[in-house]
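Q: structure, please.
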Amino acid sequence: MEAPWWWPLVTVLVARAHCVALVDQEASDLIHSGPQDSSPGPALPCHKVSVSNIDFGFKLYRQLAVNAPGENILFSLVSISLALAMLSRGVPVASRTKLLEGLGFNLTVVPEVEIQEDFWDLMLRLPGQGLRLLLTMAQRRFSGLGTRANQSLEEAQKHMDKYIEKQTQGKLGAWEKDLSSETTAVLVNHVLLRAEWMKPFDSRATSPKEFFVGEHRAVWVPMMKEKASHRFLHDPELQCSVLQMDHAGNTTTFFIFPNRGKKRQLEDALLPETLIKWDSLLRTRELDFHFPKFSISRTYRPEMLLPQVTVGGGFPGQPGLNISKVTHKAMMTLDEKGSEAAAATSIQLTPRPHPDLDLPPSPGTEFSRPFLVMTFHMETGSMLFLGKIVNPLG
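A: Got it, this is the predicted structure:
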């Protein structure tokens, strides 16, 4: 039998538990009691960074949820973490540890050199293309900017805009005109995902229904209808329901529906161990359900969550550069055929210093209240997108 997608997490968590006391006995028992009829796939270098990366993503999600309660959330964890990891390759030794630890890595468990090699392996393994799946990932550094550059700020912004538009097929719309006159370089990372459902919905069954964005407020959204077998569970401990729907290809998406008044409890419990627990409890069931179509887009400035580090000037005598601005934009559309998502992360470098409610769904009901969405790349165990849908209309 093919090993489940989360075996990379199990492998790393077990190793981490032996090295440092980060996993309690209950989680450790859970990890060692995986399915007996499954065997781990081959270990890949990128598996070693998957757990810390997901941990970082959950922490970022919680911070965004605190800063903007009641709003949609969406970001590409893999885009942000890969951009910062690649940037750390040019960081002076004194600052490298601070940046990598800010990404959630324990350097006593995984050495710096190994982290860089593992992220490079991840970047090489993520892209894939088939009849029903497209996943692209790359990044580019724009240098020679600033007051002494040959090209104007407008020209530099235009070149960056064209690159992002081309690589994301225009899905992100216009990029923010946020280049500073002090910016000397920009690192841009992008990811584009187009994945069809393994079991697509019948568009003829889609009809408008109410989606409850709050206790006393509802919006009318197109609700898809399907009767099919999917993996499903209700977690009595965290008071939520989990629905897993597979894509055709190497990706899968989890939808998590907290019970009324339990959203904060669920968000606080988001850990890699929680994902393993859910996977051990998920069971294939015949479901007859309605599910909302949605299309959302979000833009963030997460530089305030990052440590202040100097990333080097590049030439002898040049002052060290600092991360002055990080812009991240993500979009996701979900419909009868599948899911389409794109994201880009830009990191500006300058000589300046760093600036300082809900009922559980059942197999025969409507998923008509706010929920979390997580899309994973199964081979690498990487989280591609993480978000919360409060209002499917955006």
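
Q: what does the pLDDT read for Ser79?
A: On pLDDT, Ser79 comes in at 95.

Q: and the helices in the stretch 1-150 of the chain?
A: 7-19, 25-32, 47-67, 77-87, 93-102, 112-125 (DSSP state H, counting those that start in this stretch).

Q: just the ones you listed: most buried one?
A: helix 77-87 (a mean of 24; mean count of other Cβ atoms under 10 Å). Heads up, the C-betas are built off the backbone N, CA and C, glycines and all.

Q: related to what we said a few turns ago, in TSV, list the helices of the stretch 1-150 of the chain along with distance to Ser346.
A: Shown next, in TSV, are the helices of the stretch 1-150 of the chain (distance: least, Cβ to Cβ, whole Å):
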stretch	distance to Ser346
helix 7-19	29
helix 25-32	37
helix 47-67	17
helix 77-87	8
helix 93-102	17
helix 112-125	17
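
Q: quick one: closest of these to Thr284.
A: Nearest to Thr284 among the helices of the stretch 1-150 of the chain is helix 7-19 (18.7 Å), distances taken as Cβ to Cβ.

Q: one step back: going by mean pLDDT, which of the helices of the stretch 1-150 of the chain comes out lowest?
A: Among the helices of the stretch 1-150 of the chain, helix 25-32 has the lowest mean pLDDT, at a mean of 34.

Q: now for Leu133: which residues touch it?
A: Taking Cβ atoms under 8 Å, 6 or more residues apart in numbering, we find Leu133 in contact with 194-196, 247-251.

Q: from the residues you listed, which is closest to Val188?
A: Arg194 (20.2 Å).

Q: so which residues of the stretch 201-350 of the chain form helices?
A: Along the stretch 201-350 of the chain, the segments classed as helices by DSSP H, counting those that start in this stretch run 263-268, 272-281.

Q: buried ones in the last one?
A: Residues of helix 272-281 classed as buried: 272-279 (neighbour count, 16 or more other Cβ atoms under 10 Å).

Q: related to what we said a few turns ago, return the item of the contacts of Leu133 having minimum pLDDT.
A: Gly249 (86).

Q: out of the helices of the stretch 1-150 of the chain, which is closest to Arg264?
A: helix 47-67 (8.5 Å).

Q: identify all contacting residues around that closest one.
A: Contact partners of helix 47-67, identified using Cβ under 8 Å, 6+ apart, comprise 8-9, 11-13, 16, 73, 75, 77-78, 80-81, 85, 103-106, 110, 114-115, 118-119, 122, 267-268, 270-272, 275, 300, 302, 305, 380-383, 386, 388.

Q: quick one on the thing from earlier: out of the helices of the stretch 1-150 of the chain, nearest to Ser203?
A: For these, proximity to Ser203 was assessed by Cβ to Cβ; helix 77-87 is nearest, at 30.1 Å.

Q: before we move on, back to that, now the helices of the stretch 201-350 of the chain in TSV, with mean pLDDT?
A: Conversion of those to TSV gives the following (pLDDT from 0 to 100):
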stretch	mean pLDDT
helix 263-268	92
helix 272-281	91
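
Q: out of those helices, the one nearest Phe257 is which?
A: The closest of the helices of the stretch 201-350 of the chain to Phe257 is helix 263-268. By Cβ to Cβ, the value is 9.2 Å.

Q: quick one: the closest one to chain centroid distance?
A: 18 Å (Cα atoms, centre = their mean, to the nearest Å).

Q: list the buried residues in it.
A: Quick answer for helix 263-268 (16+ other Cβ under 10 Å): 263, 266-267.

Q: what sits against the closest residue to Leu384 other than its chain neighbours?
A: Spatial nearest neighbour of Leu384, excluding adjacent residues (Cβ to Cβ, 6 or more residues apart in numbering): Thr375 at 4.7 Å. Residues near Thr375 by Cβ under 8 Å, 6+ apart: 193, 195, 251-254, 339, 341, 383-386.

Q: per-residue pLDDT, Thr375?
A: pLDDT, read off for Thr375, is 97.

Q: so how far is Lys337 from it?
A: Distance, Thr375 to Lys337, by Cβ to Cβ, to the nearest Å: 15 Å.

Q: ok, back up a step: next, format the buried residues of helix 272-281 as CSV and append distance to Val242.
A: Below are the buried residues of helix 272-281 laid out as CSV (distance: Cβ to Cβ, whole Å):
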residue, distance to Val242
Pro272, 15
Glu273, 15
Thr274, 10
Leu275, 10
Ile276, 12
Lys277, 10
Trp278, 5
Asp279, 9
